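Participant: fold the following, please.
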Amino acid sequence: MFMISSGPSTAQRLAVAVAFALAATALGQLARLQVAPPEAPADGALVEANGPDAVIGQTPDSARLNALIEQMDAPVHETRERADLELRRVPGLSLPIIFDRLRDPTLSPEQARRLERVGQHLFLKRGRAGLGVRFARPRSNVGVQIEEVTAGFPAAMEGGLKRGDILLEAEGVKLHHEEDLRSSILACDPGEPMAFRLWRPLPELIAAAPTSAELPKDVDPGLGEELTIRVETRAFSDLGQGGGPPPSSLPRAWSVRLAREGLRTPTIAPDWGEAADTSLGDDLSGLGLAPGGETRASGFNANERRLAMARPAGGQIRNARPPNEIEQLRQQQLKLRLAALQQERRVVTTQLTEADANKQQIVADKLRSKALRLDAEIRDLRALTRP
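Facilitator: This next block holds a predicted model:
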């Protein structure tokens, strides 16, 4: 006779317990193997179209920007220096953001100077634009004439620039010599288009001019046409010349960029010959603070800084010079600099005359380039000095 149990046996209960234990173990392993869903990008981040994980840009946090700019006017010099360098490390910081902040009328002179310095750092770190043209020698009687357009650059494509073109304006600004055009190009970011007003001689005149010296140098209404075109730039490094842009052209390029943005002339004059090395800007250890806590801000003109600053490193605010006295000292410095440049220009003129007389073409070309640079600096300084 068989007995019917009213409940599960001990063996059955043990089998059920083992099954539950195995199931729990399997679920735990599955949970560990499961891939967590991707985190959403930060507010303001730009996401590539090929996937939610590829964040390619960020909008800087406004609160942090405001705090750092506020610290740029702090009483303690070390705080100002750290704010300056930390601002360069803010993710997503760009020149348009710097320009927007520079338009704030409530900025102190110290904050404006430091923001400009950060802008200059970004200006160089991004790399400058190249157009892919070579200038004609001798120069045109008006504007800047093109001797050659580099193949592969947008300027060489259909609807771009051609040999013999005389560029009259770039971005609405008249061109008087090569340095005007060079600084206008370097003021652009790579890939940014430029608008030109130019004079294009008749094709038969260009074909009949095998050398640069034989190209038509005058704008004659009956021998060509005036055009307005837009040409896309590329990176200066694509020119394959090695190194970066000539340091002597960078200060003016920065001035041109500020003018395009509707901002004032730069208030600081860094050593642009060393400015191409941007490694210091991202390294807080580069503060070089002396035991007393004072240090000279990298890129500042020491004389201008002494005139403009009214805050020592100790934090106590001293009496600033009267504005009229500061302006008088500034004008005195500008005039001394102008006199030195004019003297240097006279020396270059003498050397150029001797080089031409001795038919030293390479030396003469270098001296002409130097003379153009000096003329540009002299003109800029004259615009800043008062009679």
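
Participant: the biggest helix by length in the chain: what's the following helix or strand?
Facilitator: In the chain, assigned by DSSP state H, the helix with the most residues is helix 323-357. For helix 323-357, the succeeding helix or strand toward the C-terminus, using DSSP states H and E, is helix 361-384.

Participant: report the buried residues of stretch 250-263.
Facilitator: Across stretch 250-263, burial judged by 16 or more other C-beta atoms under 10 Å covers 250-258, 261, 263. C-beta here means a position set from N, CA and C on the backbone, and glycine is covered the same way.

Participant: quick check: mean pLDDT of stretch 115-129?
Facilitator: Across stretch 115-129, pLDDT averages out at 91.

Participant: buried residues in it?
Facilitator: 115-124, 128-129.

Participant: repeat for stretch 192-206
Facilitator: Quick answer for stretch 192-206 (16+ other C-beta under 10 Å): 194, 196-201, 205-206.

Participant: returning to that earlier point: turn the buried residues of stretch 115-129 into TSV, including distance to residue 373.
Facilitator: Converted to TSV, these look like this (distance: C-beta to C-beta, whole Å):
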residue	distance to residue 373
115	27
116	22
117	23
118	26
119	23
120	19
121	23
122	24
123	19
124	19
128	17
129	19
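
Participant: thinking again about what came up before, list the buried ones in the longest helix of the chain?
Facilitator: 330, 337-338, 341, 345, 348, 351-352, 355.

Participant: hmm, back to that, just the ones of the buried residues of stretch 250-263 in helices?
Facilitator: Those of the buried residues of stretch 250-263 lying in helices (DSSP H): 250-258.

Participant: would you mind giving those as a markdown table with distance to residue 91 and pLDDT added?
Facilitator: Putting these into a markdown table (distance: C-beta to C-beta, whole Å; pLDDT from 0 to 100) gives the following:
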| residue | distance to residue 91 | pLDDT |
| --- | --- | --- |
| 250 | 26 | 89 |
| 251 | 29 | 89 |
| 252 | 31 | 90 |
| 253 | 26 | 93 |
| 254 | 24 | 93 |
| 255 | 28 | 91 |
| 256 | 28 | 93 |
| 257 | 23 | 94 |
| 258 | 24 | 93 |
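
Participant: if we only consider these, which is nearest to residue 172?
Facilitator: Using C-beta to C-beta, residue 256 is the member of those that lies nearest residue 172, at 11.4 Å.

Participant: can you report phi and psi for the closest residue to residue 184 other than its chain neighbours?
Facilitator: Distances taken as C-beta to C-beta, 6 or more residues apart in numbering put residue 170 closest to residue 184, at 4.2 Å, once the chain neighbours are dropped. Main-chain dihedrals, residue 170, degrees, to the nearest 10: phi -130, psi 120.

Participant: between helix 323-357 and the helix or strand hosting residue 117, find me the angle.
Facilitator: Assigned by DSSP H and E, residue 117 belongs to helix 109-125. Calculated by axes from the mean of the first three to the mean of the last three C-alpha atoms, to 10 degrees, helix 109-125 forms an angle of 30 degrees with helix 323-357.

Participant: all the strands of the chain, residue numbers only.
Facilitator: 46-47, 55-57, 129-130, 133-135, 144-149, 166-170, 173-174, 193-201, 224-232, 234-235 (DSSP state E).

Participant: paired strands for the last one, with orientation please.
Facilitator: Taking DSSP bridges as the criterion, strand 234-235 sits next to strand 129-130 (antiparallel) in its sheet.

Participant: which secondary structure element of the chain has the lowest mean pLDDT?
Facilitator: Counting by mean pLDDT, DSSP states H and E, the weakest-scoring helix or strand in the chain turns out to be strand 46-47, with a mean of 32.

Participant: picking up where we left off before, which single one of the buried residues of helix 323-357 is nearest to residue 378?
Facilitator: Using C-beta to C-beta, the buried residues of helix 323-357 come closest to residue 378 at residue 341, 5.1 Å.

Participant: if we can go back for a sec, the residue nearest to residue 184 against residue 183, yeah?
Facilitator: No - applying C-beta atoms under 8 Å, one finds residue 170 not in contact with residue 183, separated by 9.4 Å.

Participant: residue contacts, the nearest residue to residue 174 once chain neighbours are set aside?
Facilitator: Nearest residue to residue 174, sequence neighbours excluded (C-beta to C-beta, 6+ apart): residue 168, at 6.8 Å. By C-beta atoms under 8 Å, 6 or more residues apart in numbering, the contact list for residue 168 reads 142-143, 174-175, 196-199, 219, 226.

Participant: just for the stretch 251-387 of the chain, where's the confidence low?
Facilitator: Flagging of the stretch 251-387 of the chain using pLDDT under 70 yields the residue ranges 264-323, 326, 386-387.

Participant: for stretch 243-256, measure first residue to last.
Facilitator: In stretch 243-256, first residue to last residue: 22 Å (C-alpha to C-alpha, to the nearest Å).

Participant: got it, and stretch 208-220?
Facilitator: Stretch 208-220 end-to-end distance (C-alpha to C-alpha) = 17 Å.

Participant: buried ones in stretch 363-370?
Facilitator: Buried-residue list, stretch 363-370, by 16+ other C-beta under 10 Å: 364, 367-368, 370.

Participant: got it, and stretch 239-249?
Facilitator: Those would be 244-246, 248-249, for stretch 239-249 by 16+ other C-beta under 10 Å.

Participant: pLDDT at the closest residue to residue 65 other than its chain neighbours, what is it?
Facilitator: Counting by C-beta to C-beta, 6+ apart, residue 65 lies nearest to residue 90, which is 6.7 Å off, once chain neighbours are set aside. Predicted confidence (pLDDT) for residue 90: 92.

Participant: touching, residue 90 and residue 68? I think so.
Facilitator: Yes - taking contacts as C-beta under 8 Å, residue 90 lies within contact range of residue 68: 7.3 Å.

Participant: so where do the helices sit in the stretch 1-150 of the chain?
Facilitator: Assigned by DSSP state H, counting those that start in this stretch, the helices in the stretch 1-150 of the chain fall at 10-33, 62-71, 77-88, 95-102, 109-125.

Participant: of the buried residues of helix 323-357, which pair is most distant in space?
Facilitator: Farthest pair in the buried residues of helix 323-357, by C-beta to C-beta: 330 and 355, 36.9 Å.

Participant: perfect, that will be all.
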